[in-house]
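K.L.:
dropping a prediction and its sequence here:
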Amino acid sequence: MKVNGTPTRTIWLAEDGRTVEIIDQTRLPHRYEITRLETLDDACRAIKDMLVRGAPLIGATAAHGLALAMRADPSDGGLATAYDRLFATRPTAINLRWALDDLRTRLTPLPPGERATAAVARAVAICDEDVALNEAIGDHGHAIFRDLWERKGQPERFNVLTHCNAGWLATVDWGTALAPIYKAHDAGIPVHVWVDETRPRNQGASLTAWELNQHGVPHTVIVDNAGGHFMQHGMVDVCIVGTDRTTATGDVCNKIGTYLKALAARDNGVPFYVALPSPTIDWTVRDGVAEIPIEDRGPGEVQRLWGRLDSGETAWITVTPEGSPAANPAFDVTPGRLVTGLVTERGVCAASADGLSGLFPDRAAA
Ligand code: MRU
């Protein structure tokens, strides 16, 4: 995607071929800043403090973080420490474990002297693969949108509701849930996006809205509680969201509030799609509600809001009374029965064990 007209990814190998550069997403939408990652510590901090976020980008950053660690200490102990430290950064997005397992499997048989070069090559390949997977998701999702739009008689406005940020900022490029939106918009479908603000960190209001602005996609930011109202009034044609971990049975874990949107969509007969690249499937988990670890980010993000003051400065402001506790589960699980379909790089399937194993027989059996 482009930032101010320049093609850009969210993470890339710096010109020195050794360090890594990222967009610092904690600054958006008010400042566009590039930050350099030079060490394992830098990569861990970038994931934990959410300079990078979104399941696929967390995985890509972990891969680069392991490569940075191999430059400093390519021994078996160095590999184990780097794996453990990166794995501990955030608990819910399975792409983190997927990327770390992938690299560890490839690096372990190599002599330590060869590990850094191999790790960088694989990290770069994971990033390139992520872009290809997401673009394919975009094509499959675009076909769904076109079909819905045509069956509705090609209205002048095709309303899509999305939650959180599952755009190119959440991946290396294209995004998952937003890839079909970009493809449909570019192909001339008059897409308009309802953007859930996504409290407490406002990934929708700050990141999704910024991305859509950059690409010129018409959109409107709404508070998290407004989606059901717009669905009741026939103003949402389709919902599409991303996911941090999808079980082998099709349950979908995504940003807190996704479940309520799926319930409202079901009540109003609005199709509810989830877009995901296959590294987001956790084939070891069958019951999403019981088994997926949900990140608790602490009360501060609920009690306070971050934004730009009229003076132009950015600041945190407190919204709750002193002494009121707050709870902050960062994700929830939407049972597969509420999901119309899973949009993957291989096509669209039912959110069920049969649906997923039908599309990925090679992985489901592994
Ligand atoms: O806490 P975040 O910002 O990392 O959460 C991101 C999401 O919930 C996304 O919807 C999910 O990672 C899918 S991204 C393609």
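P.N.:
Everything's here; your move. A quick note: this is a predicted structure, and the numbers were derived from the prediction, not measured.
K.L.:
for stretch 285-305, C-alpha coordinates in PDB please.
P.N.:
C-alpha atoms of stretch 285-305 as PDB (Å, rounded to 0.1, in the frame of the first residue of the first chain):
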ATOM      1  CA  VAL A 285      -7.100 -26.000  19.600                       C
ATOM      2  CA  ARG A 286     -10.700 -27.100  19.200                       C
ATOM      3  CA  ASP A 287     -12.600 -25.100  21.700                       C
ATOM      4  CA  GLY A 288     -11.800 -21.400  21.300                       C
ATOM      5  CA  VAL A 289     -13.600 -20.100  24.400                       C
ATOM      6  CA  ALA A 290     -12.000 -22.700  26.700                       C
ATOM      7  CA  GLU A 291      -8.500 -23.000  25.300                       C
ATOM      8  CA  ILE A 292      -7.300 -19.700  23.800                       C
ATOM      9  CA  PRO A 293      -5.300 -17.500  26.200                       C
ATOM     10  CA  ILE A 294      -6.900 -14.000  26.200                       C
ATOM     11  CA  GLU A 295      -4.400 -11.100  26.700                       C
ATOM     12  CA  ASP A 296      -5.200  -8.900  29.700                       C
ATOM     13  CA  ARG A 297      -3.600  -5.500  29.000                       C
ATOM     14  CA  GLY A 298      -4.400  -4.000  32.400                       C
ATOM     15  CA  PRO A 299      -6.700  -1.200  33.500                       C
ATOM     16  CA  GLY A 300      -4.800   1.800  32.300                       C
ATOM     17  CA  GLU A 301      -6.000   1.600  28.600                       C
ATOM     18  CA  VAL A 302      -9.600   1.600  29.800                       C
ATOM     19  CA  GLN A 303      -9.200   4.300  32.400                       C
ATOM     20  CA  ARG A 304      -7.400   6.600  30.000                       C
ATOM     21  CA  LEU A 305      -7.600   7.700  26.400                       C
END
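K.L.:
so for it, what's the average pLDDT?
P.N.:
In this model, stretch 285-305 has a mean pLDDT of 98.
K.L.:
indicate the residue of the stretch 151-300 of the chain located nearest to the ligand.
P.N.:
The ligand sits closest to Gly242 of the stretch 151-300 of the chain, with a gap of 2.7 Å, by Cβ to the nearest ligand atom. Every residue, glycine included, has its C-beta placed from N, CA and C.
K.L.:
so that residue touches Thr258, yeah?
P.N.:
No: counting by Cβ atoms under 8 Å, Thr258 is not a contact partner of Gly242; they are 9.0 Å apart.
K.L.:
with neighbour numbers in mind, choose between the two.
P.N.:
Gly242 (31 against 27; other Cβ atoms under 10 Å).
K.L.:
contact partners for the more buried one?
P.N.:
Counting by Cβ atoms under 8 Å, 6 or more residues apart in numbering, Gly242 touches 54-55, 164, 166, 170, 175-177, 254, 274-276.
K.L.:
confidence score at it?
P.N.:
At Gly242, pLDDT is 98.
K.L.:
report the buried members of the contacts of Gly242.
P.N.:
Neighbour counting by 16 or more other Cβ atoms under 10 Å classes 54-55, 164, 166, 170, 175-177, 254, 274-276 among the contacts of Gly242 as buried.
K.L.:
in helices, which of the residues you listed appear?
P.N.:
Ala55 (DSSP state H).
K.L.:
tell me which parts of the stretch 201-350 of the chain are close to the ligand?
P.N.:
Listed as neighbours of the ligand in the stretch 201-350 of the chain under the rule Cβ under 6 Å from any ligand atom: 203, 242-244, 254-255, 330.
K.L.:
export those to a markdown table and append columns for distance to Ala116 and secondary structure.
P.N.:
Below are those laid out as a markdown table (distance: Cβ to Cβ, whole Å; DSSP: H, G, I helix; E, B strand; the rest coil):
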| residue | distance to Ala116 | secondary structure |
| --- | --- | --- |
| Gln203 | 33 | helix |
| Gly242 | 32 | coil |
| Thr243 | 32 | coil |
| Asp244 | 29 | coil |
| Asn254 | 35 | strand |
| Lys255 | 35 | strand |
| Ala330 | 33 | coil |
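K.L.:
just the closest of those residues to Arg308, please.
P.N.:
For those, the minimum distance to Arg308 (Cβ to Cβ) is 16.3 Å, reached by Gln203.
K.L.:
distance of the closest one from His163?
P.N.:
Gln203 sits 9 Å away from His163, going by Cβ to Cβ, to the nearest Å.
K.L.:
again, but for Trp210
P.N.:
16 Å.
K.L.:
these two - which one has more neighbours?
P.N.:
Under the criterion of other Cβ under 10 Å, the comparison of Trp210 against His163 puts His163 first, with 28 against 19.
K.L.:
ok, and the closest non-adjacent residue to the more buried one?
P.N.:
The shortest distance from His163 to any residue other than its chain neighbours is 4.4 Å, reached at Asp196 (Cβ to Cβ, 6 or more residues apart in numbering).
K.L.:
again with Thr162
P.N.:
Using Cβ to Cβ, 6+ apart and skipping the chain neighbours, the partner closest in space to Thr162 is Ala177 (5.4 Å).
K.L.:
kindly report the same for Val348.
P.N.:
Going by Cβ to Cβ, 6+ apart, Val348 has Gly341 as its nearest residue, at 4.7 Å.
K.L.:
okay, now that neighbour: neighbour count?
P.N.:
21.
K.L.:
how distant is stretch 172-189 from the center of its chain?
P.N.:
14 Å (Cα atoms, centre = their mean, to the nearest Å).
K.L.:
stretch 91-102 too?
P.N.:
Distance, centroid of stretch 91-102 to centroid of chain: 13 Å (Cα atoms, centre = their mean).
K.L.:
which positions in that stretch come out as buried?
P.N.:
Along stretch 91-102, these residues count as buried under the neighbour rule (16+ other Cβ under 10 Å): 91-100, 102.
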